[in-house]
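[1] Pasted the sequence and its predicted model underneath.
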Amino acid sequence: MSRKSLISIGDFTKEEILHVLETAKEFEQNRVQNFLEGKVIASLFFEPSTRTRLSFETAINRLGAKVIGFSDASNTSQSKGETLKDTIKMVSNYVDMIVMRHPLEGSSRYASEEASVPVVNAGDGANQHPSQTLLDLYSILQTQGTLEGLTINMVGDLKYGRTTHSLLQAMSHFHPKFIFTAPEELKMPKEYKEFLDSKGIEYIETTSLDDYLNECDILYMTRVQQERFTDPMEYERVKDVYRLEASMLNNVRDNMKILHPLPRVTEIDQDVDDTPYAYYFKQAENGLYVRMAIISYLLGYR
Ligand code: CP
C-alpha cells in the first residue's frame, strides 16, 4: 500500500499538483465512482469544520469507501489523557488512510510519522491546509484558463491564515505576482516573504483594500480568525478591518474572481454574492472533486 501523505503542499511536485487537478476534472464530470469499495478511511477532526470534513466524507462515500471518525474530540479518549501518538497508532491499524485536522502546528507531520497509512492534513493550526490549496488552484484554473502569470491579491489575516501560506507556496510554480493586503498586526510572516524572495517572485504590501482592487486576477479574501488570537483586544482592533461591497467592484478586471476559503464573517458583504465576480460557493463545491482526486492519488488508484 502507498505510504505517501499530504501534509504540506510542498510534499507534491508541480507535476503531482497538475495531475490531481486533471483527475479532479474527471470527477467533476462523473461523481459516481466505486473503485474504493472495501476501503475504510478515518476522518479525525480535533477542531471545528464544515466544508473540509463534509467534503472529505462525501468524497470517501462517492468513491465507494467507508468512513469512521469524529468531529468532536471531547467524545474520544483524548479527554481521558490519551496522546495523539497513541490515537494515531491505533487508528492506523483500523483504516487505509487518515484525514486529520488539529489545532497544533506540526501535528499532522507528527501523525504521518507515527501512522502506518497515508495521512492528509486537513489543517494544522496556522500552518498549512494543502487540500484547500489544491481546490483553490482548481478554482483559479477553472476561472482563468491558466495558472501562469496571474496577479493574486490576498486580503485579511495573512499572519494566521494557513490557506494563504499554502496557496503562496503552490502558486510559486506558476510565475505569479502577489499583493498582500493586511493590517500591520496581520501581515504576511517574514518566512513566507523570504521564500518568495528566494524564488524571485514579486510582491507588494499594502494596508488598503482600495489600492490594488482593480489590478488583480484573483482577490483571495480571508476571515480574521478569532480562534488564533491570544490577545482578545488585538482581535477587537482588527476584526472588521476590511469589508468588500458590490459597489467597490465597478472598475475591477473583467476576468477577476473573488475566492474565499470560507467561512466568511463580515469581510464580504452578501451583496457581492450576486455579482459575476463571486466564486466562493463554487470554490467550496470544487472541494469535493479535488478531495476525491487527492484520496485516489494517495491510495494509488489514479
Ligand atoms: N475552508 C475551510 O477549511 O472550511 P471549514 O473550516 O468549514 O472546513
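    Perfect, I can see it now.
[2] Could I get the buried residue list for the biggest helix by length in the chain?
    The single longest helix within the chain, with elements called by DSSP state H, is helix 280-298. Under the neighbour-count criterion of 16 or more other Cβ atoms under 10 Å, helix 280-298 has 280, 283-284, 286-298 buried. Backbone N, C-alpha and C define where each C-beta goes, glycine included.
[3] do the same with stretch 247-262
    249, 252, 256-262.
[4] May I have the distance across that stretch, first residue to last?
    Taking Cα to Cα, to the nearest Å as the measure, stretch 247-262 stretches 21 Å from start to finish.
[5] One more: stretch 119-133?
    Note: stretch 119-133 ends 16 Å apart using Cα to Cα.
[6] what is the rounded mean pLDDT of that stretch?
    Mean per-residue pLDDT for stretch 119-133: 94.
[7] quick one: it near the ligand?
    Yes. Legend: contact between stretch 119-133 and the ligand by Cβ under 6 Å from any ligand atom is shown at 123, 132.
[8] what about that stretch, distance to the chain center?
    In terms of Cα atoms, centre = their mean, to the nearest Å, the centre of stretch 119-133 is found 6 Å from the chain centre.
[9] how about the residues of the chain near the ligand?
    Checking the chain against the ligand by Cβ under 6 Å from any ligand atom, the hits are 49-52, 123, 132, 261-263.
[10] The same query, at a cut-off of 8 Å, please.
    48-54, 101, 122-123, 129, 132, 163, 261-263, 284, 287 (Cβ under 8 Å from any ligand atom).
[11] number of nearby residues for G300?
    Applying other Cβ atoms under 10 Å, we find 10 residues neighbouring G300.
[12] Torsion angles phi and psi at it?
    phi 80, psi 20 (degrees, to the nearest 10).
[13] cool, and N75?
    N75 has phi and psi values of phi -90, psi 10 when expressed as degrees, to the nearest 10.
[14] Quick check, pLDDT for it.
    Residue-level pLDDT assigned to N75 equals 89.
[15] got a pLDDT number for S2?
    Looking at S2, the pLDDT reads 52.
[16] How about E236?
    At E236, pLDDT is 84.
[17] And for L249?
    Reading off the model, L249 has pLDDT 98.
[18] Would you quantify the distance from it to D211?
    Distance from L249 to D211, counting by Cβ to Cβ, to the nearest Å: 15 Å.
[19] quick one on the thing from earlier: tell me which other helices or strands the longest helix of the chain touches.
    In terms of contacts (3 or more Cβ pairs under 8 Å, 6 or more residues apart in numbering; DSSP states H and E), helix 280-298 is packed against helix 14-29, helix 51-62, strand 119-124, helix 130-144, strand 257-259.
[20] any idea which of the ones you listed is most buried?
    A comparison of these by mean neighbour count, using mean count of other Cβ atoms under 10 Å, puts strand 119-124 on top with a mean of 27.
[21] Pull the residues that contact that one.
    Strand 119-124 is touched from outside by 5-8, 45, 47, 49, 52-53, 56, 88, 97-109, 111-112, 128-132, 162, 294-295, 298, with contacts defined as Cβ atoms under 8 Å, 6 or more residues apart in numbering.
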